[in-house]
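Novice: I would like the atomic coordinates for the input below:
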Amino acid sequence: MNKVPLLLAWRYVKSAHTERSINSMARICFGGVFIGTFALTLVLAIMQGFEKVTHEKLRGIHAPISIRSSGDYLNVSALGTIFAQEFPEIVAYSPSDTQQVIMETNDVATDFTIAALKGVIPEQEAALATIAKRFVTTHGVTFVEALKGNKLILGKKLAQELHVGVGDTINLLYTHEHQTRHGKLALEQTAAQVGGMFDSGIDEFDSAMALCSLDFLQTLFDTEPTHIGLTLVPAADEQATIDRLQQRLRLDVFSWQELYPALIAALKLEKYGMFLILALITLVASMNIISLLFMQITHKRADIAMLKAMGMSDAAIKTIFLIMGTAISCAGALGGLSAATIVGFLLDRYPLITLPDAYYVSHLPIQMSWSILLLVATVTLLLGFVASWIPVSRIGSITIAKVLRMEA
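Specialist: Residues are numbered from 1 along each chain as shown. Modelled structure (predicted):
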């Protein structure tokens, strides 16, 4: 008896093509679920791709964890001892300080350019694996070699704006705080050589930032590090380490995400918002199943009455039509997921859709994952089941005698 509902559901599905109206409605239901599932899967994959690319870009500039002093210099050697003894999850750290300078070249046609000059210890910054990974190698010169002496590493767009290349000389104009008197600035000048370039893909860094050695920055500004970047082992709990560092050091400790709270929140909001909107579209598509099953139940009223008269329970009869509605949802969901996976693979392998410079990526990013497929499949099947249950729940109200008398 357990196989009877499945057998009858299969026969009803096969015979649907003989009824033109039911057949057309079944195709509409399948097409609606297919399109809704396809759109929901593809948009979620694109939004996840945007989130991943944006995070990778920003983490390529900023260390996972940063320590910043509020107006005071950091005792780097003491902090290094604390890291080694109490925080084994910290695998690398790099102190730095940033000052503002004016850059100019000997080319009279080039205007002055204001840039942030960040002083780092080359070896430790390379171990931090942030902006050093964005270094554009020229003639086999390493990141450390490009920062020796008075050499600078310029952002790619900054170098283009200054019309300079590797080996060219630029002039740095700078001032000290104590040289500002009565609203007038006393500028000092020193020469520096372009040792290399970096390409982060983020305009605010590529067009207005330069790196130098911390020793060179100290000769210009007589300064000490005010910032330390940290890198953790892959399995470390980032937030737990931040909390422990704050309690131990009593300094400002934050992750790279706290530097861009609006951007991170906007990416999450867009992903959740698009999921909700497209889930509602999928819900509307699933509502067609209600109409289909109402039509099918009305058409099979005589069969339902006969099955009841033969002793089949209401639950078993309901199962027949639930299987029909769920089968359409499953077929539409499977087709939509398969089509979205194929399109996502093609977009990832062949980046044909280009994006404007406002984004952190040149082509439309996409990241398909099993979690997305499982989430969309679950939501679609759940909506399909609910849409199927609404008309099926009315089967119990069908009276055997009334239907058989009308059919007689």
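Novice: low-confidence ranges, the stretch 251-400 of the chain, go.
Specialist: 356-360, 362, 396-400 (pLDDT under 70).
Novice: outline the domain layout of the chain.
Specialist: 4-58+263-407, 71-250 (automatic domain parsing).
Novice: what's the closest of the ones you listed to Trp256?
Specialist: Proximity to Trp256 (C-beta to C-beta) singles out domain 4-58+263-407 among the domains of the chain, at 5.9 Å. Every C-beta, even on glycine, is put in place using the N, C-alpha and C of the backbone.
Novice: tell me where the stretch 201-350 of the chain has helices.
Specialist: 203-206, 214-221, 238-249, 261-299, 301-309, 314-349 (DSSP state H, counting those that start in this stretch).
Novice: could you name the helices and strands sitting against the shortest one?
Specialist: Pointing back at helix 203-206 there. helix 156-162 (3 or more C-beta pairs under 8 Å, 6 or more residues apart in numbering; DSSP states H and E).
Novice: what packs against the helix it packs on?
Specialist: Under the contact rule (3+ C-beta pairs under 8 Å, 6+ apart), helix 156-162 is packed against strand 90-104, strand 113-120, strand 188-198, helix 203-206.
Novice: which residues in the stretch 1-150 of the chain form strands?
Specialist: 65-68, 90-104, 113-120, 135-136 (DSSP state E, counting those that start in this stretch).
Novice: just put these in CSV and tack on mean neighbour count.
Specialist: Formatted as CSV, these follow (neighbours: other C-beta atoms under 10 Å):
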stretch, mean neighbour count
strand 65-68, 20
strand 90-104, 19
strand 113-120, 20
strand 135-136, 18
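Novice: so which of those is nearest Leu278?
Specialist: Closest to Leu278 of those is strand 65-68 (C-beta to C-beta; 35.8 Å).
Novice: identify the residues contacting that closest one?
Specialist: Residues from elsewhere that reach strand 65-68, judged by C-beta atoms under 8 Å, 6 or more residues apart in numbering: 74, 79, 226-232, 238, 241-242, 245, 249, 251-256, 259.
Novice: quick check: the gap between the most centrally placed residue in the chain and Gly31.
Specialist: Closest to where the C-alpha atoms of the chain average out (C-alpha atoms, centre = their mean) is Glu51, at 1.4 Å. Separation of Glu51 from Gly31 (C-beta to C-beta, to the nearest Å): 30 Å.
Novice: cool, Thr81 as well?
Specialist: For Thr81, the distance to Gly31 - C-beta to C-beta - is 67 Å.
Novice: go on, Leu352?
Specialist: 26 Å.
Novice: which of these two has more residues huddled nearby?
Specialist: The residue with more neighbours, out of Leu352 and Gly31, is Gly31; 15 against 9, by other C-beta atoms under 10 Å.
Novice: contact partners for that one?
Specialist: Counting by C-beta under 8 Å, 6+ apart, Gly31 has contacts Gly332.
Novice: quick check: it vs Glu270, distance?
Specialist: 27 Å.
Novice: returning to what we had before: can I get the strands of the stretch 1-150 of the chain in a markdown table with mean pLDDT and distance to Asn171?
Specialist: Listed next are the strands of the stretch 1-150 of the chain as a markdown table, based on pLDDT from 0 to 100; distance: least, C-beta to C-beta, whole Å:
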| stretch | mean pLDDT | distance to Asn171 |
| --- | --- | --- |
| strand 65-68 | 88 | 30 |
| strand 90-104 | 89 | 5 |
| strand 113-120 | 90 | 11 |
| strand 135-136 | 82 | 23 |
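Novice: out of those strands, nearest to Asp168?
Specialist: Closest to Asp168 of the strands of the stretch 1-150 of the chain is strand 90-104 (C-beta to C-beta; 11.5 Å).
Novice: so which other helices or strands are in contact with that closest one?
Specialist: Using 3+ C-beta pairs under 8 Å, 6+ apart, strand 90-104 sits against helix 76-86, strand 113-120, helix 122-128, helix 156-162, strand 169-174, helix 214-221, strand 227-232.
Novice: convert the C-alpha atoms of it to PDB, please.
Specialist: What follows is strand 90-104, C-alpha atoms only, in PDB (Å, rounded to 0.1, in the frame of the first residue of the first chain):
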ATOM      1  CA  ILE A  90      51.400  35.700  15.700                       C
ATOM      2  CA  VAL A  91      53.700  34.600  12.900                       C
ATOM      3  CA  ALA A  92      54.900  38.000  11.700                       C
ATOM      4  CA  TYR A  93      54.700  41.700  12.600                       C
ATOM      5  CA  SER A  94      55.800  44.900  10.900                       C
ATOM      6  CA  PRO A  95      56.100  48.400  12.500                       C
ATOM      7  CA  SER A  96      55.500  51.400  10.400                       C
ATOM      8  CA  ASP A  97      54.800  55.100  10.400                       C
ATOM      9  CA  THR A  98      53.100  57.400   7.800                       C
ATOM     10  CA  GLN A  99      53.800  61.000   6.900                       C
ATOM     11  CA  GLN A 100      52.600  63.400   4.200                       C
ATOM     12  CA  VAL A 101      55.100  64.700   1.600                       C
ATOM     13  CA  ILE A 102      54.900  66.700  -1.600                       C
ATOM     14  CA  MET A 103      56.500  65.000  -4.600                       C
ATOM     15  CA  GLU A 104      57.900  66.700  -7.700                       C
END
